[in-house]
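[1] Provide a 3D model corresponding to the input given below.
(chains A and B)
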Number of protein chains: 2
Amino acid sequence: MLKTKIKRPIIIFGFIFVEKNYVSYKSVIITIGDELLIGQTIDTNSAKLAQLLNQTGINLIKRIAIADEREAIITALDEYIPLVDLIILTGGLGPTADDITKSTLLQYFKGKLVLNERVQQHIVELFAHRRRPILQKNLDQALVPDNCKVLMNKMGTAPGMWFEQKNCIIISLPGVPFEMETIAREEVFPVLRERFEDEYILHKTLICMGKGESVLAHRIEDIEASLPDTISLSYLPSPGMVKLRLTTKGKKLQELQDNLDHYANLIETRLEKAIAASEDIAPEEIIIRQLKKHNLTLGTAESCSGGYIAHLLTNVPGCSDVFKGGLVTYSNNSKINILKVKKETINTVGAVSKETVIQMAENARVLLGVDIAVSVSGILGPGGATDQKPVGLVWIGLSNKHKTIAKEFRFVYDRIRNKEMTAYTVFNMIRLSILQYYNKPSSAKL
Amino acid sequence: MLKTKIKRPIIIFGFIFVEKNYVSYKSVIITIGDELLIGQTIDTNSAKLAQLLNQTGINLIKRIAIADEREAIITALDEYIPLVDLIILTGGLGPTADDITKSTLLQYFKGKLVLNERVQQHIVELFAHRRRPILQKNLDQALVPDNCKVLMNKMGTAPGMWFEQKNCIIISLPGVPFEMETIAREEVFPVLRERFEDEYILHKTLICMGKGESVLAHRIEDIEASLPDTISLSYLPSPGMVKLRLTTKGKKLQELQDNLDHYANLIETRLEKAIAASEDIAPEEIIIRQLKKHNLTLGTAESCSGGYIAHLLTNVPGCSDVFKGGLVTYSNNSKINILKVKKETINTVGAVSKETVIQMAENARVLLGVDIAVSVSGILGPGGATDQKPVGLVWIGLSNKHKTIAKEFRFVYDRIRNKEMTAYTVFNMIRLSILQYYNKPSSAKL
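    The predicted structure follows:
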């Protein structure tokens, strides 16, 4: 199955980059669907599969998205079967007429359709459980090519298929994300791991909050310059944070791990409070973990962010230990009636003001009976601006038993991104307040 | 710029599919970044660009994602420049050492770096506005190849670049999504539209809620069979709904439009109440529009959905006319103290029960002063299940002045998808209750 030994010096602009000499398995992901080429669907399947391939040490050299067209599928198979060890296709396996992947693969691999009784029984049971009528279209999904290994789809009706040709494995999975992911995790990758596992690819990610990419790069310039050529560093800016990712590959796990940890520690020590976590977790998870670590409870009082902060926090399993509840006081009346914000405050300085978020945070802390309450009021756009209060103006309040603070922010993006920036800014304020009031600076990170 | 005239009959399994004879411009999107190949980032840029290309009538034949590697970029350019009229690259333009797109394009198109004073001035102003120190790395982003048209990036520091070679336009944009999108919308597509616009591609999307893909397909089987070969129909299942998309292409706009409307109307009439909207809008937008149309206000009382329903509703600009607020009563105490759910109800039948969601919905309706209140209490997993109450059990309540109802659902997915399914099920219940109590069935759709 080995197809590549790479050792290729590339000389550019006077610098020499020498890639390492290693053996690696190569793969390609092919997603199939017109909806991907007109932008109706965001492709999350490729990212999931890429993660799984990465964890298995299989190099993903390319992802491509093509139309629901027989020719496009055949051309892609012709191109990549000789080049790679593994091709994963997703999409086009549904019961309707626009789904042509199965018939194309049937033709390509010269098989014939046979009834798979296990799949048929599963489909019948699934429809019985959902109390929906079963149609011939659905039953036809139990017809599969006779020259593939069938991959059971316990979440849906379309089974996956595993073909092999010319030392290349070709796997076809349905496009519905949770069906695809379940088959991949349970039926595909355990087998691929046995066949392919050979070399380790290790990453270490540091999450930085509150500082921009170039400031971070400037502060660790000398560390970056001192990295051995077996370790690479990437900067990945995303809303409210920058991820620093260190990557290395090789065969000796402990040595790779130690080396990676050494440089990660140098960076963490240098960046101090800017480091929010030393693994790749979401900001909301960082907050839930910090709260648990210090045995603190949290509540929210949201106006413009509309429940988004509570939503993100409650995505984290087990959050109920520390997140006790929230209020989405989207109207002035709900601020006054439920959160007891003073009517005169709203009449004089307005709902988007320091005074309002202070009352929201303090009253929410009492009403919800929590250690820390945060509050948000702002104008996310596109409408709602006044002469004094532009779109993007957001006040954030935070109250704990020691102090209530309020800060003004001006975000410059569209409604959805302003909402995101608001949530991540709130998370960073919670994080820094825990550091200040409940922690020693030296144990900043999780 | 014309490269293709397609007329290609494909004969498969005894059926003949004849593709239409039309002239079309071809394009490819190339996204650059290791994070795409290890699954750390979900690629939303390609979907945005695909939408813009589609609206401009430029055929996107393929999307590919490749590594931050000089060779991979050069190979892709070598492959596609002779094949297509337009290549859009995104990513790899940042200020840090892992960003190599600019230097690779410089080398590929044999240019030399020159200082662009407009870009330099913009970068200086941006840092002054953000009150952040400016570094040499940032200033270096004003150095651009002398043989490209510079595309101003008003949202960030890395400018886009527009090259032309051998009748192919090659455009390089930054990877940060809102920077990419702003340059694309303001600097790129207005020019492409003038250069390329030639043929119309029309879509019409019908949103169905509450029925599965195969049931829908079965009910319109005869209409689908009667579609002329200039119109194609796709089924796109997504959480809580199925989108039916009709597509046609050609030069005569009015004729295309009339033809599409004719078949869309046939399908809408057949599917009746299952049709939630006759354009491609999100379920939350359907609900906000229905509420506005009937002059109704809405409030939410969420336990397990944790603010997600309020969050989705408040993503819709102008929602404050009808959405008045919500409560995220994540703990028993907050249900009792804020929503006045009876303590004995929770002690006897539990928080996840018909009785609790009825009280939550009725009390939220009064507390928030709204026409319709919905409530949710359930167990989304992975923890929290008991013998009687499995993961996935969700009770949903809805109260209006006519009636309060409660329904039990069992979702079978993971935490995040169970949350999604809960929200979309709530939206469908709101939609159907508006139909039942405030509307005539014949005007079901928006």
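[2] In a helix, A:I87, correct?
    No. Counting by DSSP: H, G, I helix; E, B strand; the rest coil, A:I87 falls outside a helix, being strand.
[3] helix/strand/coil for the closest residue in space to it that isn't next to it in sequence?
    The shortest distance from A:I87 to any non-neighbouring residue, by Cβ to Cβ, 6 or more residues apart in numbering or on different chains, is to A:I170 (4.8 Å). Backbone N, C-alpha and C define where each C-beta goes, glycine included. Three-state call for A:I170 (three-state DSSP): strand.
[4] what sits against A:I170?
    By Cβ atoms under 8 Å, 6 or more residues apart in numbering or on different chains, the residues touching A:I170 are A:L77, A:I81, A:L86, A:I87, A:L89, A:L105, A:F109, A:W162, A:F163, A:E164.
[5] okay, now the last one: neighbour count?
    I take that to be A:E164. 13 (other Cβ atoms under 10 Å in any protein chain shown).
[6] Buried ones only from the contacts of A:I170, please, as a ChimeraX command.
    Selection of buried members from the contacts of A:I170 for ChimeraX, criterion 16 or more other Cβ atoms under 10 Å in any protein chain shown:
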select /A:77,81,86,87,89,105,109,162,163
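[7] So which of the contacts of A:I170 sit within helices?
    A:L77, A:L105 (DSSP state H).
[8] Same list, the contacts of A:I170, but as CSV with pLDDT please.
    Output for the contacts of A:I170, formatted as CSV (pLDDT from 0 to 100):
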residue, pLDDT
A:L77, 96
A:I81, 95
A:L86, 96
A:I87, 97
A:L89, 97
A:L105, 95
A:F109, 95
A:W162, 97
A:F163, 96
A:E164, 95
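[9] So which of the contacts of A:I170 is the closest to A:G384?
    A:L89 (46.2 Å; Cβ to Cβ).
[10] what are the C-alpha coordinates of whichever helix in chain A runs longest, in PDB please?
    Looking across chain A with DSSP H, the single longest helix is helix A:415-438. What follows is helix A:415-438, C-alpha atoms only, in PDB (Å, rounded to 0.1, in the frame of the first residue of the first chain):
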ATOM      1  CA  ARG A 415     -25.300  41.000  13.100                       C
ATOM      2  CA  ILE A 416     -24.200  37.300  13.400                       C
ATOM      3  CA  ARG A 417     -20.500  38.000  13.900                       C
ATOM      4  CA  ASN A 418     -21.200  40.900  16.300                       C
ATOM      5  CA  LYS A 419     -23.200  38.300  18.300                       C
ATOM      6  CA  GLU A 420     -20.300  35.900  18.200                       C
ATOM      7  CA  MET A 421     -17.800  38.600  19.200                       C
ATOM      8  CA  THR A 422     -20.100  39.600  22.100                       C
ATOM      9  CA  ALA A 423     -20.200  36.000  23.400                       C
ATOM     10  CA  TYR A 424     -16.400  35.500  23.100                       C
ATOM     11  CA  THR A 425     -15.700  38.800  24.800                       C
ATOM     12  CA  VAL A 426     -18.000  37.800  27.700                       C
ATOM     13  CA  PHE A 427     -16.200  34.500  28.000                       C
ATOM     14  CA  ASN A 428     -12.900  36.300  28.200                       C
ATOM     15  CA  MET A 429     -14.200  38.700  30.800                       C
ATOM     16  CA  ILE A 430     -15.400  35.700  32.900                       C
ATOM     17  CA  ARG A 431     -12.100  34.000  32.500                       C
ATOM     18  CA  LEU A 432     -10.100  37.100  33.500                       C
ATOM     19  CA  SER A 433     -12.400  37.800  36.500                       C
ATOM     20  CA  ILE A 434     -11.900  34.200  37.700                       C
ATOM     21  CA  LEU A 435      -8.100  34.700  37.400                       C
ATOM     22  CA  GLN A 436      -8.300  38.000  39.300                       C
ATOM     23  CA  TYR A 437     -10.600  37.100  42.100                       C
ATOM     24  CA  TYR A 438     -10.500  33.300  42.500                       C
END
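[11] how about it, does it reach chain B?
    Yes. Under the criterion of Cβ under 8 Å from any Cβ of the partner chain, chain B is reached by helix A:415-438 at A:R415, A:I416, A:R417, A:K419.
[12] Report the buried residues of that helix.
    A:415, A:417-435, A:438.
[13] ok, now stretch A:51-65?
    Quick answer for stretch A:51-65 (16+ other Cβ under 10 Å): A:51-54, A:56-65.
[14] hey, where'd the strands end up in the stretch 51-200 of chain A?
    A:59-66, A:86-90, A:113-115, A:143-145, A:149-151, A:160-165, A:168-173, A:200-209 (DSSP state E, counting those that start in this stretch).
[15] Which residues does the last one contact?
    In other words, strand A:200-209. A:54, A:57, A:216, A:240-251, A:253, A:256-257, A:260-261, A:264, A:267-268, A:271, A:274-281, A:283, A:286, A:424, A:427-428, A:431, B:38, B:40.
[16] Buried among those residues? Need that as a selection in ChimeraX.
    Buried residues within the contacts of strand A:200-209, by 16+ other Cβ under 10 Å, are selected in ChimeraX with:
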select /A:54,57,216,240,241,242,243,244,245,246,247,248,249,256,260,264,267,268,271,274,275,276,277,278,281,283,286,424,427,428,431 /B:38,40
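[17] Helices - which of the contacts of strand A:200-209 land there?
    Per DSSP H, the contacts of strand A:200-209 map to helices at A:54, A:216, A:253, A:256-257, A:260-261, A:264, A:267-268, A:271, A:283, A:286, A:424, A:427-428, A:431.
[18] ok, the closest residue to A:D99 other than its chain neighbours - contacts?
    With sequence-adjacent residues excluded and distances taken as Cβ to Cβ, 6+ apart, A:D99 is closest to A:G92, at 4.9 Å. When contacts are counted by Cβ under 8 Å, 6+ apart, A:G92 touches A:I32, A:G33, A:D68, A:I73, A:D98, A:D99, A:I100, A:T101, A:K102, A:T104, A:G175.
[19] A:G92 and A:L36, how far apart?
    11 Å (Cβ to Cβ, to the nearest Å).
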